[in-house]
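Q: the sequence and its predicted three-dimensional model are supplied below.
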Amino acid sequence: MKPLSMLALTILVASSFFSFKAAQQSQADSERYIIECEGQWAASTASGDLSAVRRFVADDFRGVDPDGNMYDRQDAISDKGTGPQTFVSNHTNEVKVRFYGDAAVAQGSESWERRTGQPLYGRYVWTDTWIRRNGQWQVVAAEDVEVAENPPAK
């Protein structure tokens, strides 16, 4: 093989390797971001602080709540039915993210405690669809299921 061809092949292999590593890092960063956002969304249910949620819920967002009702972005970023007056706590238990190019599916669960009402303790199990638009991940769809849970051991 000619020295020039060998050099070109070496550069091609090296650039492919570094492109692959950059894509892996980018996906790892994206996964961390989505998991962090999911945690912020869960926490906002109890805190009432929706500033982070406003950042990552897409304008064309559509969701299905545990009662089967459809809701949009405006409903997702409003504070009705959330906050310290309703919930004592809410936190994610686990989040798994799978990527499909510029789309991602996040599935997970979160545990909550209400101040009043029945049940007092429960979990949401959910699936959220994320899309990367202009380099920014946004949630475009969500579906939540409520699951009763025993009170935590004290």
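A: On my side now, so go ahead.
Q: alpha carbons only for contacts and neighbour counts from here, please
A: Noted.
Q: which parts of the protein are strands?
A: Ranges of strands in the chain, per DSSP state E, are 57-64, 70-72, 87-100, 103-114, 121-133, 136-148.
Q: in the second one, which residues are buried?
A: Of the residues in strand 70-72, D72 count as buried by neighbour count, 16 or more other Cα atoms under 10 Å.
Q: what lies in contact with it?
A: The contact list for strand 70-72, computed with Cα atoms under 8 Å, 6 or more residues apart in numbering, reads 60-65.
Q: before we move on, what about the fifth one?
A: Residues external to strand 121-133 that are found in contact with it (Cα under 8 Å, 6+ apart): 102-114, 137-151.
Q: just for the protein, where's the confidence low?
A: Along the chain, segments meeting pLDDT under 70 span 1-25, 80-81, 151-154.
Q: again, 50 this time
A: 14, 17-22 (pLDDT under 50).
Q: turn the strands of the chain into CSV, including distance to E38.
A: Output for these, formatted as CSV (distance: least, Cα to Cα, whole Å):
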stretch, distance to E38
strand 57-64, 11
strand 70-72, 17
strand 87-100, 7
strand 103-114, 9
strand 121-133, 9
strand 136-148, 10
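Q: to Q40, which of those lies closest?
A: strand 87-100 (8.5 Å; Cα to Cα).
Q: which helices and strands sit right next to that closest one?
A: Applying 3 or more Cα pairs under 8 Å, 6 or more residues apart in numbering; DSSP states H and E, we find strand 87-100 packed against helix 3-47, strand 103-114.
Q: now do 10 Å
A: Judged by 3 or more Cα pairs under 10 Å, 6 or more residues apart in numbering; DSSP states H and E, strand 87-100 is in contact with helix 3-47, strand 103-114, strand 121-133.
Q: how many other residues sit next to the residue nearest to T127 when sequence neighbours are not counted?
A: Spatial nearest neighbour of T127, chain neighbours left out: Q107 (4.4 Å); criterion: Cα to Cα, 6 or more residues apart in numbering. If you count neighbours by other Cα atoms under 10 Å, Q107 ends up with 20.
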